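Colleague: Here's my sequence, what's the structure:
(one chain, ligands or ions: 1)
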Amino acid sequence: MTQLFDLSGRTALVTGSARGIGFALAQGLAAAGARIVINGTRADTVDEAVQRLRADGHDALGRAFNVTDEHAVAAAFEAWDRDEITIDILVNNAGIQFRKPLVDLELADWQRVIDTNLTSAFIVAKEAARRMIARGRGGKIINIGSLTSEGARATVAPYTAAKGGIKMLTRAMSAEWAVHDIQTNAIGPGYILTDMNQALIDNVSFDAWVRSSNPSQRWGKPEELVGTAVYLASPASSYVNGQIIYVDGGWLAVL
Ligand code: GCO
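Modeller: Alright, predicted model coming up:
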């Protein structure tokens, strides 16, 4: 049974993994045996995250690049090709939040969120899938969605549009890549205790809304997403494709 969830001998790239949910997923995949490639936009925070994993005895490396820049992404994969580093598992986690009413939203702000939260998943997964298909050994792609892949709340329209797109892009990737033994699925986190959400956590009424809106009556912790990530990254999910698994305390299950 343990072999079902064993990631030994595999390399996992987690985008946006210098902190928050991305780093928690990197830690969890490492604990399951994977070599981890940390990514972020800043070399110093990427290196700090790599050192933290290595201090825990894990095999980790890092590369700072902007996942919205297709040339930077291609250069990263070409460097890994040269170093004979094969990405067997891709977690498209990179994402930002920008909260503002639609009528006040600048196009540049809209575009930045869409590029980071949705387009980057296409850019990175295309490079990874090309190599997985050429290797003929399949692979795993895990896109990070959100409750907003299903429902909307005011002031986060670009994030919501992007996360809704993540759900359908996951299905589109499955439609084309499942035949190559690549399983593409998504995780939909509920409201998780992260830096990105600190302003919400600190807001008494928002905190009360989160607690009253899910039957677990609490915020989730980043490490509570790890089990689902290991499952979707492992042989245990070899016939699962195009799915989004919500880790939300039951939020979407109740009226
Ligand atoms: C917000 C939050 C959400 C959560 C998460 C919910 O402003 O509503 O940032 O986007 O982070 O995505 O699933």
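
Colleague: Let me see the ranges of the strands in this protein.
Modeller: Listed in chain order, the strands of the chain (DSSP state E) span 11-14, 35-40, 60-64, 89-92, 139-144, 182-189, 244-247.

Colleague: who does the first one pair up with?
Modeller: Looking at strand 11-14 with DSSP bridges, its partner strands are strand 35-40 (parallel), strand 89-92 (parallel).

Colleague: Stretch 201-211 close to the ligand?
Modeller: No: Stretch 201-211 stays clear of the ligand (C-beta under 6 Å from any ligand atom), getting no nearer than 8.5 Å. (Glycine included, C-beta is placed from N, CA and C.)

Colleague: Which parts of the chain are helices?
Modeller: Listed in chain order, the helices of the chain (DSSP state H) span 20-31, 43-55, 70-82, 107-114, 120-135, 157-177, 198-201, 204-213, 226-233.

Colleague: So which of these has the densest surroundings on average?
Modeller: Using mean count of other C-beta atoms under 10 Å, the stretch among the helices of the chain with the largest mean neighbour count is helix 20-31, at a mean of 24.

Colleague: between that helix and strand 182-189, how big is the angle?
Modeller: 130 degrees (axes from the mean of the first three to the mean of the last three C-alpha atoms, to 10 degrees).

Colleague: mind checking how far helix 20-31 is from the chain centre?
Modeller: A distance of 10 Å separates the centroid of the chain from that of helix 20-31, by C-alpha atoms, centre = their mean, to the nearest Å.

Colleague: residues touching Val204, list them.
Modeller: Going by C-beta atoms under 8 Å, 6 or more residues apart in numbering, Val204 touches no other residue.

Colleague: Tell me which of the strands paired with strand 11-14 is the most buried.
Modeller: Burial of the strands paired with strand 11-14 is given as mean neighbour count (mean count of other C-beta under 10 Å); strand 89-92 ranks first at a mean of 28.
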